[in-house]
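Visitor: quick one: sequence plus predicted model below, questions after.
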Amino acid sequence: MGNVVEVSGFVDDLGRIRATFVEVTHLVPMAGQEFEIKGYISGLNPSGNTFGLGPLPDGSGNTVTVSYTPGAVQGLPAGPSNGMYVQVETTDTQPVSGIITASKVKSFVARTDFPENTLVDLDGLVTKLRSGSENILSFDLGGKAVQTDGSTEFIGGMATDIQPNVRVQVQGKETAGVLHAGKIVFR
């Protein structure tokens, strides 16, 4: 308790990070130490200089309120907007009354954003089931929309094994904001 750690992992269906890597960086926070968190802006209130960080684009997950000054916003000429993926830096070691104060807010590319017609290899946890039956499924992987079809190859499992918090690797093509799966590997 009280250690400063770096955590990497996958977001589950409740917006929690299921860690694949944890490293203690300091035994206790150092004065003025900056911490960073990445997420999607929601509930933007420009007049109050606040926004929510989270949930995932599919609506799953938790939200923390971020308070910012216009001077903290960097590289965003039009300012922050809902749906934008950002990195927030703060010296707060924990939220105060559910709010963290940003020292910097900057645009960041989400690991689930891909150019149109790009071949994609994405690993993560299923965060939401949308629809489907048999091998024709629609689901979200870490908040990213995924679609299967009759030619999708399933390795190490079956289409019925696609459930929230199951870890899979999806290989396919990005089309109109959806990852069309050619192959799904269960991890």
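Guide: Done, it's in.
Visitor: return the set of buried residues in the lengthiest strand in the chain.
Guide: Longest strand in the chain, counting residues (DSSP state E): strand 119-133. Using 16 or more other C-beta atoms under 10 Å as the test for burial, strand 119-133 gives Val120, Leu122, Asp123, Gly124, Leu125, Val126, Thr127, Lys128. C-beta coordinates here come from the backbone N, C-alpha and C atoms, glycine included.
Visitor: heading C-terminal from it, find the next helix or strand.
Guide: strand 136-141 (DSSP states H and E).
Visitor: list the strands paired with the helix or strand following that following strand, with their directions.
Guide: Past strand 136-141, further along toward the C-terminus, the next helix or strand under DSSP H and E is strand 144-147. Note on strand 144-147: by DSSP bridges, its sheet partners are strand 136-141 (antiparallel), strand 178-186 (parallel).
Visitor: any idea how far Val64 is from the spatially closest residue to Ala176 that is not a sequence neighbour?
Guide: By the measure of C-beta to C-beta, 6 or more residues apart in numbering, the closest residue to Ala176 outside its immediate chain neighbours is Glu116, 7.4 Å from it. Going from Glu116 to Val64 by C-beta to C-beta, to the nearest Å gives 32 Å.
Visitor: higher neighbour count, these two?
Guide: With neighbours defined as other C-beta atoms under 10 Å, Glu116 and Val64 compare such that Val64 has more, 15 against 9.
Visitor: show me the contacts for that one.
Guide: Residues counted as contacts of Val64 (C-beta atoms under 8 Å, 6 or more residues apart in numbering) are Ile37, Gly52, Leu53, Gly54, Pro95, Gly98, Ile99, Ile100.
Visitor: would Val170 count as being in a helix?
Guide: No: according to DSSP: H, G, I helix; E, B strand; the rest coil, Val170 belongs to no helix; its state is strand.
Visitor: no further questions, thank you.
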